[in-house]
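J.: pasting the sequence and the predicted model now:
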Amino acid sequence: QAHLVESGGGLVQAGGSTRLSCVVSGRTITAYTMGWFRQAPGKEREFVAAIRGTDATTRYADSVQGRFTISKDNAKNMVYLQMNNLKPEDTAFYYCGLGLSFLGDRSSYAYWGQGAQVTVSS
């Protein structure tokens, strides 16, 4: 059983930055893909970014490419999402997930955190 806990986020002005953190217990992140997804009210949970456990290869959704950066600290078993140049459309609940496939969609993620709210004001 894995346990994921997100922190960070909050209210940010458009153009600003914030960082989300996710601490993982019960599993070693080097053996899994870690991903960030987000869900806005009335919408489905969508992929944001992922990082492969073995070599830290990353991939991003087109909507955040160049603005968001996913990273990890293997020693701390933590994953981060640095979000820059935020836009109002980035407003959502952001979830950290532990996945089984680097290229997989949300169905390939076995564990999720409780989520963290990011609200971007215009």
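T.: In hand now; what should we look at?
J.: from here on, contacts and neighbour counts on C-alpha atoms
T.: OK.
J.: name the nearest residue to the residue minimising distance to the centre of the chain, ignoring sequence neighbours.
T.: Nearest residue to the geometric centre of the chain (CA atoms, centre = their mean): Trp36, 2.2 Å. Spatially, and ignoring its direct neighbours in sequence, Trp36 is nearest to Cys96 (4.7 Å; CA to CA, 6 or more residues apart in numbering).
J.: identify the residues contacting whichever strand or helix holds that neighbour?
T.: Assigned by DSSP states H and E, Cys96 belongs to strand 92-99. With contact meaning CA atoms under 8 Å, 6 or more residues apart in numbering, strand 92-99 is reached by 4-6, 22, 29, 32-41, 108-119.
J.: redo that, cut-off 6 Å
T.: Contacting residues not belonging to strand 92-99 are listed as 32-40, 108-113, 115-118 [CA atoms under 6 Å, 6 or more residues apart in numbering].
J.: who touches the following helix or strand past that strand?
T.: Next helix or strand after strand 92-99 toward the C-terminus (DSSP H and E): strand 109-112. Contact with strand 109-112 is made by 96-99, as judged by CA under 6 Å, 6+ apart.
J.: can you redo these as CSV with pLDDT?
T.: CSV is the format used below for those (pLDDT from 0 to 100):
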residue, pLDDT
Cys96, 98
Gly97, 98
Leu98, 97
Gly99, 95
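J.: out of those residues, who's the most crowded?
T.: Among those, the one with the most neighbours (other CA atoms under 10 Å) is Cys96, at 32 neighbours.
J.: state the distance from that one to Ala14.
T.: 23 Å (CA to CA, to the nearest Å).
J.: and what of Val5?
T.: 26 Å.
J.: check Thr119 too.
T.: 9 Å.
J.: and what of Arg45?
T.: For Arg45, the distance to Ala14 - CA to CA - is 22 Å.
J.: likewise for Gly113?
T.: With CA to CA as the criterion, Gly113 and Ala14 are 26 Å apart.
J.: same drill for those two, tell me which one is more crowded.
T.: With neighbours defined as other CA under 10 Å, Gly113 and Ala14 compare such that Gly113 has more, 20 against 17.
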